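Asker: Give the three-dimensional model of this entry:
(one chain, ligands or ions: 1)
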Amino acid sequence: MLLPHNPNAFTRSPLDRAGHRRNDADWLAGALVASETRLIPFHNNRPFVIEEGGAIALGWLGAHARVGIAPADAPLLFLGLDAGAVAHFAIDIPDPAPLEGIGRFDDLRSFGAILPRADLPILGTAKSVFEWHAKHKFCANCGAATRIVEAGWKRECAACKGEHFPRFDPVVIMVPVIGDKCLLGRQRAWPPGMHSALAGFVEPGEAIEEAVARETLEEAGLRVREVRLHSTQPWPFPHSLMIGVIAEVEAGEMVIDAHELESARWFTREEARLLLEGKLAGAFCPPPFAIAHQLLKSWVGGD
Ligand SMILES: [Zn+2]
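Answerer: The predicted structure is shown next:
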C-alpha cells in the first residue's frame, strides 16, 4: 500500500512527531510559552471540544492557558509540529471546572466520525498515551511510583532506574473469504443486525499470520490458507493497533465458538456491497470510521 492511501480513520497525521525534541528541555520550555503553540486539553480520556452553530471543533487553546487549567504535574504530551513548525501539545487535566461554559469534554468514539479526518490521529495518539499513563503510575519492576519524562513519551522509576514506554495491543481483524463469499460474525453485545469482521489479540510468540489462522479456526472452525495484509489502524479504545487482513480459507463447515460469537454468516460480494451501502435488509456493518468497513469495501471492490 502506498502510504498516503491508508483509508483508515486515525491514520495520516498532519503532525511531524519531531521525536528529537522530546529530550530537549530548553526547546520544550520555549515552545510552552510561544504564542502560536497549541494545546488540546483532555479530561477522563475525553478531548475538549467546542460546538458552534451545530458544528463541532477541537477546543485548541494557546499554551498560556496551561497554568490556569492544570496543576504543574498534570500529564503533558508533546504531539509534534505542523507544516508551519507550530508545536502541538495535549494535557490531561484532573478538574474540568476551569473550562466550563467554553466547551465540553466528549467521547471520541461518539463524535470522532464527524470531525475533520486530520484531527483524529492527533486525538487518538493523545488518548492512547494518556490512558497508558493513567494505568502505569507504578513501576512494573519494583512497585515504586514512576514519573513522566521525555515530553510524555516515557515513565521513569527513580528507585530501580526502570524505563517504561507507552504500550499498545496488536489485534488481528480479518474477513475470511472463499470464492465469491465472505464471512462476517456478530457478537451478542452488538446491536441487532450488526455484522463485522472477526478479530482477536495477537498473543506473545505468534506471527500475525498465525494469529489470523488461530482466531479464524477458534471462532469459525475454518482453516486459513493465505493471509493478505490490507492496512492497519491505530485504534485508541483504549490503545490497540488493528491489523486488517483478508484471509483466504479452505472449504469446510463453519463451526462457531458460542463464547465468542452469537452467529456468523456468509455474504456474497453483492450482498456485502449492499451491506456497506446500508441497503441489505436485516443486517448492517460498522461505519467507514472502522477498519472492518474498509476491509469489506476493499474485498467488494475486487482486492
Ligand atoms: Zn522500579
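Asker: Kindly report the residues of the stretch 101-250 of the chain close to the ion.
Answerer: The stretch 101-250 of the chain has residues 139, 141-142, 144, 157, 159-160, 162 near the ion, with proximity defined as Cβ under 5 Å from the ion. For glycine as for every other residue, the C-beta is placed from the backbone atoms N, C-alpha and C.
Asker: Keep only those of those that are in strands.
Answerer: Among those, the members found in strands (DSSP state E) are Cys157.
Asker: In a helix, Glu209, correct?
Answerer: Yes - using DSSP: H, G, I helix; E, B strand; the rest coil, the assignment for Glu209 is a helix.
Asker: That one - nearest residue in space that isn't next to it in sequence?
Answerer: Val227 (4.5 Å; Cβ to Cβ, 6 or more residues apart in numbering).
Asker: related to what we said a few turns ago, of the residues of the stretch 101-250 of the chain next to the ion, buried ones?
Answerer: Buried residues within those, defined by neighbour count using 16 or more other Cβ atoms under 10 Å: 139, 157.
Asker: What residues does Arg104 make contact with?
Answerer: Each residue near Arg104 by Cβ atoms under 8 Å, 6 or more residues apart in numbering is listed here: 48-49, 51.
Asker: Any stretches of the stretch 201-303 of the chain with poor pLDDT?
Answerer: 303 (pLDDT under 70).
Asker: ok, which stretches of it are helices?
Answerer: Assigned by DSSP state H, counting those that start in this stretch, the stretch 201-303 of the chain shows helices spanning 208-220, 269-276, 291-300.
Asker: need the longest helix for this protein.
Answerer: Taking DSSP state H as the criterion, the chain has its longest helix at helix 119-135.
Asker: who touches that one?
Answerer: 9-15, 40, 42, 45, 47, 58, 75, 77, 79, 88, 90, 92, 108, 112, 115, 148, 152-153, 155, 166-168, 234-236, 238-239.
Asker: Can you flag the buried ones in those?
Answerer: Buried among the contacts of helix 119-135 (16+ other Cβ under 10 Å): 9-11, 13, 15, 40, 42, 45, 47, 58, 75, 77, 79, 88, 90, 92, 108, 112, 115, 148, 152-153, 155, 166, 234-236, 239.
Asker: quick one: which of those residues sit in strands?
Answerer: 40, 42, 47, 58, 77, 79, 88, 90, 92, 148, 155, 234-235.
Asker: Specify which member of those is nearest to the ion.
Answerer: Closest to the ion out of these is Arg155 (9.8 Å), distances taken as Cβ to the ion.
Asker: What segments of the stretch 51-200 of the chain are helices?
Answerer: Using DSSP H, counting those that start in this stretch, the helices of the stretch 51-200 of the chain run over residues 66-69, 108-111, 119-135.
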